[in-house]
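Student: From the sequence below, what's the structure:
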Amino acid sequence: MARDYPARCPVSPVRNTLLMAASILLAVQGIGAQKVRVEEELKAYPTESVDLRCEFIDGGGRTKLTQVSWIWEPIDGQRDNIAVYHPIYGQSFPNPSFKDRVVFLHNTLENPSIRISELKMSDTGRYTCEYATYPSGNEQGTTTLIMLAKPKNSAKVVTVKAGTKSVVVATCEAADGKPAATIKWAGKVEGNHTTSTTNGPDGTVTVRSEYRLVPTPADNGGEVTCMVDQSTQERQWAHTIQLSVEYPPSVSIEGYDNNWYIGRSDAVLLCMANGNPEPTTITWTSVSGAMPDTVVVSGNKLTVRKVDDAVNTTFICEVKNKHGASSHQITTIVIGIVFSEERKRHIADGLIIPEARAESNHPGPVVRCGYWRYPWRPGLHRHHRWHHLLHSQAPGGRRGPPQAQAPSPCEGRELDRDAEQAIRASHCHRDVPSQPRGLLRDHRGGACHEPGRRRGPERWCPPSLG
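Tutor: Modelled structure (predicted):
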């Protein structure tokens with residue numbers, strides 16, 4: 001029976017029209033119930049001002065407005081009146097924390113909008129514009145105020161000492177922001193970071209990040225970049241930090257060219273130090289005792305004004321900073337020629353070519369000039385006696401090819417006059433397989449020629465060493 005009821009008793013068109021009209025009326029009444037117009041949400045920053053707008057909408061004009069109040073409801077707290085307007089009794093600001101910061105923009109009940117100045121982070125909350133009306137009673141509208149804060153961003157380097165443990169070498173902070181910021185790192189220096197947050201009493205958040213690594217001297221001067229993102233910033237904040245890793249100094253001596261011959265002027269040694277902080281002390285010393293008279297020291301530079309036997313020694317450079325000291329030494333060999341009396345007699349007799357040696361006041365290689373160290377004997381070809389006259393020989397007189405040093409340690413030396421005369425008086429051998437460097441001069445006044453080039457029967461002579 002029930003199933004057949006709609007078919008047997010259809011709803012009349014008049015009844016349908018009445019039901020639809022009732023539904024529309026209820027909807028209109030529901031819409032009309034919201035007579036207080038406000039903004040749903042506002043965002044503001046500390047120290048700034050914000051306008052809270054409120055307007056009463058009365059289409060028929062039948063509602064009588066008695067009074068309007070602004071009520072503040074903090075996130076954690078109770079509702080409290082901050083501003084009241086009455087058309088007869090005027091304005092009132094009962095909350096001390098808003099006193100002198102709140103004003104009515106219009107002195108009317110229909111538009112009781114207010115302005116709050118010198119905003120604080122604690123002003124966050126819900127603000128309700130509430131009317132006392134007749135005959136409908138209280139009408140209200142609520143605005144949520146969201147306080148934002150731009151973070152105070154900073155980044156700084158942390159000076160550390162080179163070591164074997166991971167330590168903080170840089171920090172980055174986004175302080176007192178709302179909402180909380182995000183911190184990231186970038187750079188070629190390999191490390192990792194940790195981030196922490198701290199909530200402030202006013203609702204702000206401080207984000208702090210630390211960059212860590214195991215510091216080495218190679219990391220000194222390396223760069224890392226801190227990047228901060230936060231919704232209140234127009235663009236990403238970034239700051240590049242140059243790392244500071246301190247370490248004891250290392251040192252080396254430069255400038256020695258293995259060619260300190262007697263009479264050379266202005267030979268220079270440089271003490272090159274590397275440390276952080278920069279070495280505060282640079283000291284030159286000599287193992288032979290007091291610094292030779294011909295030596296002048298200025299900071300990291302040691303200058304030998306004129307080379308003599310006194311600088312045939314070992315120089316030491318020591319540097320210091322607050323983390324330690326380091327030193328380096330170099331042995332300088334002064335090249336000079338000395339003949340024994342026996343050699344001089346042999347030279348005078350024209351029997352042998354002299355063997356010369358460099359005097360040395362310290363252990364080390366002995367530089368020898370002349371032919372290979374074995375005595376002259378009958379039948380020894382003269383070109384053997386001249387072989388590599390101006391080249392050096394290995395210590396101990398070993399036979400074999402001379403050392404390939406350049407330039408020759410004997411170049412530019414003075415022989416005793418009788419030794420030189422003996423050399424000049426010697427007969428020249430024209431078939432010289434390996435000529436000494438420098439121009440060769442025929443002792444009979446012949447022309448000088450470049451060594452290494454054969455010129456038929458012309459005679460080659462040893463170079464003048466005078």
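Student: Gly289: how many residues sit nearby?
Tutor: 8 (other CB atoms under 10 Å). All C-beta atoms are positioned from the backbone trio N, CA, C, and that covers glycine.
Student: For it, give the beta-bridge partners.
Tutor: Per DSSP bridges, the residues bridged to Gly289 are Ser286.
Student: if I look at it, how far off is Val268?
Tutor: Going from Gly289 to Val268 by CB to CB, to the nearest Å gives 22 Å.
Student: ditto for Pro96
Tutor: Pro96 is 81 Å from Val268, by CB to CB.
Student: Can you report how many residues lie near Glu110?
Tutor: Glu110 has 13 nearby residues by other CB under 10 Å.
Student: rewinding a little: which one of Pro96 and Val268 is surrounded by more residues?
Tutor: The residue with more neighbours, out of Pro96 and Val268, is Val268; 13 against 8, by other CB under 10 Å.
Student: so the more buried one makes contact with Thr303?
Tutor: Yes: shown here, Val268 and Thr303 form a contact pair, counting by CB atoms under 8 Å, at 5.3 Å.
Student: which residues are common contacts for the two?
Tutor: Shared contacts of Val268 and Thr303, defined by CB atoms under 8 Å, 6 or more residues apart in numbering, are not found at any residue.
Student: what does stretch 267-274 rub up against?
Tutor: So stretch 267-274 is in contact with 249-256, 260, 279, 282, 284, 300-304, 307, 311, 315, 317, 319, 326, 328, 330, 332, going by CB under 8 Å, 6+ apart.
Student: can you do 7 Å?
Tutor: 249-256, 260, 279, 282, 300-304, 307, 315, 317, 319, 330 (CB atoms under 7 Å, 6 or more residues apart in numbering).
Student: Can you pull out the low-pLDDT segments for the stretch 251-400 of the chain?
Tutor: 337-400 (pLDDT under 70).
Student: can you give me the helices in it?
Tutor: For the stretch 251-400 of the chain, the helices defined by DSSP state H, counting those that start in this stretch cover 341-349, 382-386.
Student: For Val68, see how far away Thr85 is.
Tutor: Actually, residue 85 is Tyr. It isn't Thr. 5 Å.
Student: and those two? which has more neighbours close in?
Tutor: Ranked by neighbour count (other CB under 10 Å), Tyr85 and Val68 place Val68 first, with 27 against 19.
Student: Buried residues in whichever strand or helix holds that one, which are they?
Tutor: Element membership for Val68, per DSSP states H and E: strand 64-74. By neighbour count on 16 or more other CB atoms under 10 Å, the buried set for strand 64-74 is Leu65, Gln67, Val68, Ser69, Trp70, Ile71, Trp72.
Student: Could I get the contacting residues of the third one?
Tutor: For Val68, the residues meeting the contact criterion (CB under 7 Å, 6+ apart) are Tyr85, Leu109, Pro112, Cys129, Glu130, Tyr131.
Student: And for the last one, nearest residue in space, chain neighbours not counted?
Tutor: The one in question is Tyr131. Glu139 (4.5 Å; CB to CB, 6 or more residues apart in numbering).
Student: Surely that neighbour and Val38 touch.
Tutor: No: counting by CB atoms under 7 Å, Glu139 sits too far from Val38 to count as a contact (11.1 Å).
Student: I'd like the distance between Arg212 and Val297.
Tutor: When distance is defined by CB to CB, Arg212 is 43 Å away from Val297.
Student: so how far is Val245 from the closest residue to Leu148 other than its chain neighbours?
Tutor: Leaving aside its chain neighbours, Leu148 sits nearest to Thr232 (5.2 Å; criterion: CB to CB, 6+ apart). Thr232 sits 35 Å away from Val245, going by CB to CB.
Student: Please identify which of these two sits among more neighbours.
Tutor: Val245 (23 against 14).
Student: Please name the residues that touch Leu145.
Tutor: Leu42, Ala44, Val50, Asp123, Thr124, Gly125, Tyr127.
Student: tilt between the helix or strand encompassing the last one and strand 64-74?
Tutor: Tyr127 is part of strand 125-134 when elements are defined by DSSP H and E. Angular relation of strand 125-134 and strand 64-74 on a 0 to 180 degree scale: 160 degrees, by axes from the mean of the first three to the mean of the last three CA atoms, to 10 degrees.
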